[in-house]
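> Need a 3D model of the following:
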Amino acid sequence: MAQLPVYFFSSTSNLIRRFASNLHATDGRPVRDLSERTVRSSEAPGPWILLTPSYKAGNDAHATLPAAVRTFLRSPANRRRLVGIIGSGNRNFGDHYQAAARELARVSGRPVVFEFELAGTPEDVAECARILTAFDARFGNAPETHDR
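Residues are numbered from 1 along each chain as shown. From the prediction side, this is the model:
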């Protein structure tokens with residue numbers, strides 16, 4: 001059974017990069033860094049999971065996805081093949097905690113499969129890996145998904 005790749009974006013804090021690296025170390029899951037131009041301008045070859053932060057820039061209108069994530073999602077194939085979203089956030093954002101992941105789930109019809117704060121804990125990584133294994137079983141052999 002194929003493992004679904006996780007495409008992620010991490011700011012200079014590298015909190016999400018650590019989480020993605022820990023996912024990879026836990027079960028060998030492929031991870032792709034959207035801060036790399038070649039990755040964000042590519043198309044996912046099949047079903048994939050997004051790992052994204054939520055950024056809060058001071059008001060309700062600015063709880064946004066990072067530009068690299070938006071660029072990757074401009075591809076119709078990437079939008080179609082997206083099967084789930086993992087969100088990272090900071091509880092200091094209050095009502096805006098996980099806002100980007102939740103908004104993307106709402107507009108895409110794809111589920112938020114896991115949420116964690118900052119870089120997550122070892123328990124978060126283990127639980128997320130367990131959840132992703134179930135997604136592997138469901139989507140791991142599918143060449144691509146379709147709009148729902």
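
> Ala77 looks like it's in a helix, true?
Yes. Secondary structure of Ala77 (DSSP: H, G, I helix; E, B strand; the rest coil): part of a helix.

> which residue packs closest to it, ignoring adjacent ones?
On the basis of Cβ to Cβ, 6 or more residues apart in numbering, the spatially nearest residue to Ala77 that is not a chain neighbour turns out to be Glu43, at 4.8 Å. All C-beta spots, glycine's among them, are computed from the backbone N, C-alpha and C.

> Find the least confident helix or strand in this protein, judged by mean pLDDT.
Ranked by mean pLDDT, DSSP states H and E, the weakest helix or strand in the chain is strand 63-64, scoring a mean of 60.

> Can you identify the element that follows it toward the C-terminus?
helix 67-73 (DSSP states H and E).

> how much space between Ala44 and Phe116?
Note on Ala44: its distance to Phe116, by Cβ to Cβ, to the nearest Å, is 22 Å.

> Can you point out the buried residues in the longest helix along the chain?
Among the elements of the chain assigned as helix by DSSP state H, the one spanning the most residues is helix 122-139. Neighbour counts using 16 or more other Cβ atoms under 10 Å place Asp124, Val125, Cys128, Ala129, Leu132, Thr133, Phe135, Asp136, Phe139 of helix 122-139 among the buried residues.

> Can I get those in a markdown table including pLDDT and distance to Leu51?
Formatted as a markdown table, these follow (pLDDT from 0 to 100; distance: Cβ to Cβ, whole Å):
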| residue | pLDDT | distance to Leu51 |
| --- | --- | --- |
| Asp124 | 96 | 12 |
| Val125 | 97 | 12 |
| Cys128 | 97 | 9 |
| Ala129 | 96 | 12 |
| Leu132 | 96 | 10 |
| Thr133 | 95 | 16 |
| Phe135 | 92 | 13 |
| Asp136 | 93 | 15 |
| Phe139 | 88 | 16 |
